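**Q** Here is my input; please provide its structure:
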Amino acid sequence: MRKIKKTAAVLLVACALAVGLFPEQVRADVVIELEYKDDFLKKHESECEEVSKSFLVNSPAGKLTVYSSPESAKKKTEYENGTILQGIWRYEDKSGEEWYALKSPEAHGETIEIIGWIRTAECFPIPDNNAFLQKYSEEFVSMDPVYEDALKEVSTVTFWSYPCSGVIAAEEVQVGDLAETGGINAYCGKFWKDPEGRVWGYINYFRGIRNVWLCLSAPSATDIEADDRVLSLAPEVIYPAGKDGITEDQKTGKDGEDNDDGEDNVEGESNEDGSSPGNNITLVTIGAVFAVTAVTIVLLMVFFGGSRKKNNNKEASDEEK
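**A** Residues are numbered from 1 along each chain as shown. Now for the predicted structure:
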């Protein structure tokens, strides 16, 4: 079960990378000033922090409510457990509770539509490079001279989202300037040793690739497994989605009705966790597709060896059969 849980967690992070939930790794060199369409953000921008963070909805209620702002009871929509959400602005209210503004998946160009705001207490923060840097910043070490020539014998290297993540950010990258004398020190600004004794170097930028890690102990390897000792890869408790997780108020039919503008005025008392009652599930189909796809892929990975080569999973499975 632990192996299945870990595999599912790695798949989750890989899915987040695939759909662009870590934009710091794919930004272009041209800096574009973005405009965010949200009234609350415009009024409180000085109190908000622009931090890109991905979350997995994991609420005891089975779903998460999105509000029009941290100060409003108006419900914009709801997301079932298992949905991946992209937060782009962090806000902490007077009680110390953390909120994130959600980016619309359809947002493109210089104007970004904000879906609404969520409490992150009922979400699992998907592990990423920012979380790694925050947790291990005091453990970074200076370069060990023994690794200065680590790339002399290889022609390509593998970049990872963070050490021991199990998630490849880029593979078969031509070493180029990295292999030259002093190249590693020129490109790697931080170094870290993992629980297995492997040394990793942090690369801010290399040929259009940003914010990645290189394992100097095995620079070309693509099979370094995820290690949840480094960052937790999955929630301690995984709550079910949909009707298995509905609240008592929802069971008794105390749900709000939609307004003409697509928002709900939440009436009556709030739930014990402070969220507003309601049963306006808008992403049942998406949640179901995600769940079925994830379970199918996890089972294939477990039974057929869990190959991490992105384009060789099917071929490896056929050979084993």
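**Q** could you pull out the strands for the stretch 1-150 of the chain?
**A** Counting by DSSP state E, counting those that start in this stretch, the stretch 1-150 of the chain has strands at residues 35-37, 49-57, 63-67, 74-80, 84-92, 98-103, 111-119, 123-125.
**Q** Just say which of those strands is most tucked in.
**A** strand 63-67 (a mean of 24; mean count of other C-beta atoms under 10 Å). Quick note: C-beta positions are derived from backbone N, CA and C, even for glycine.
**Q** Would you single out the least confident of the strands of the stretch 1-150 of the chain?
**A** When the strands of the stretch 1-150 of the chain are ranked by mean pLDDT, strand 35-37 comes last with a mean of 82.
**Q** Provide the strand pairings for that one, with the direction of each partner.
**A** strand 111-119 (parallel) (DSSP bridges).
**Q** what's in contact with the strand it pairs with?
**A** With contacts defined as C-beta atoms under 8 Å, 6 or more residues apart in numbering, strand 111-119 is touched by 34-38, 40-41, 55, 64-70, 76-77, 85, 87-89, 91, 97-104, 106-107, 274-275.
**Q** Quick one: work out the angle between that strand and strand 84-92.
**A** 80 degrees (axes from the mean of the first three to the mean of the last three C-alpha atoms, to 10 degrees).
**Q** quick check: angle from strand 111-119 to strand 74-80?
**A** 80 degrees.
**Q** coming back round to it: would you turn the strands of the stretch 1-150 of the chain into JSON lines with distance to Val141?
**A** Below are the strands of the stretch 1-150 of the chain laid out as JSON lines (distance: least, C-beta to C-beta, whole Å):
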{"stretch": "strand 35-37", "distance to Val141": "38"}
{"stretch": "strand 49-57", "distance to Val141": "26"}
{"stretch": "strand 63-67", "distance to Val141": "40"}
{"stretch": "strand 74-80", "distance to Val141": "41"}
{"stretch": "strand 84-92", "distance to Val141": "30"}
{"stretch": "strand 98-103", "distance to Val141": "31"}
{"stretch": "strand 111-119", "distance to Val141": "37"}
{"stretch": "strand 123-125", "distance to Val141": "26"}
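**Q** Go through the ones you listed and name the closest to Tyr187.
**A** strand 49-57 (23.0 Å; C-beta to C-beta).
**Q** any idea of the angle that closest one forms with strand 98-103?
**A** Using the same axes, to 10 degrees: strand 49-57 against strand 98-103 is 90 degrees.
**Q** So in that sheet, which strands flank strand 49-57, and in what orientation?
**A** In the sheet, strand 49-57 lines up with strand 84-92 (antiparallel), strand 123-125 (antiparallel) (DSSP bridges).
**Q** circling back: quick one, which of the strands of the stretch 1-150 of the chain gets closest to Gly176.
**A** Short answer: strand 49-57, nearest of those by C-beta to C-beta, at 28.3 Å.
**Q** who's in contact with the closest one?
**A** 12, 16, 21-24, 63-64, 79-91, 100, 118, 120, 122-126, 128, 130, 235.
**Q** Tabulate the CA atom coordinates of it in PDB.
**A** Provided in PDB are the C-alpha atoms of strand 49-57 (Å, rounded to 0.1, in the frame of the first residue of the first chain):
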ATOM      1  CA  GLU A  49       1.900  37.800  -1.600                       C
ATOM      2  CA  GLU A  50       2.300  36.600  -5.200                       C
ATOM      3  CA  VAL A  51       3.200  32.900  -4.700                       C
ATOM      4  CA  SER A  52       2.400  30.200  -7.200                       C
ATOM      5  CA  LYS A  53       1.300  27.100  -5.400                       C
ATOM      6  CA  SER A  54      -0.600  24.000  -6.400                       C
ATOM      7  CA  PHE A  55      -3.100  22.200  -4.100                       C
ATOM      8  CA  LEU A  56      -5.000  18.900  -4.100                       C
ATOM      9  CA  VAL A  57      -8.500  19.300  -2.700                       C
END
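**Q** relative orientation of that strand and strand 63-67 in degrees?
**A** Going by the same axes, to 10 degrees, strand 49-57 makes 150 degrees with strand 63-67.
**Q** how close does the residue nearest to Leu64 when sequence neighbours are not counted sit to Val199?
**A** In space, and not counting its chain neighbours, Leu64 is closest to Val57: 4.6 Å by C-beta to C-beta, 6 or more residues apart in numbering. Relative to Val199, Val57 is positioned 36 Å away (C-beta to C-beta, to the nearest Å).
**Q** And for Ser161?
**A** The value you get for Ser161 to Val199, if C-beta to C-beta is used, is 17 Å.
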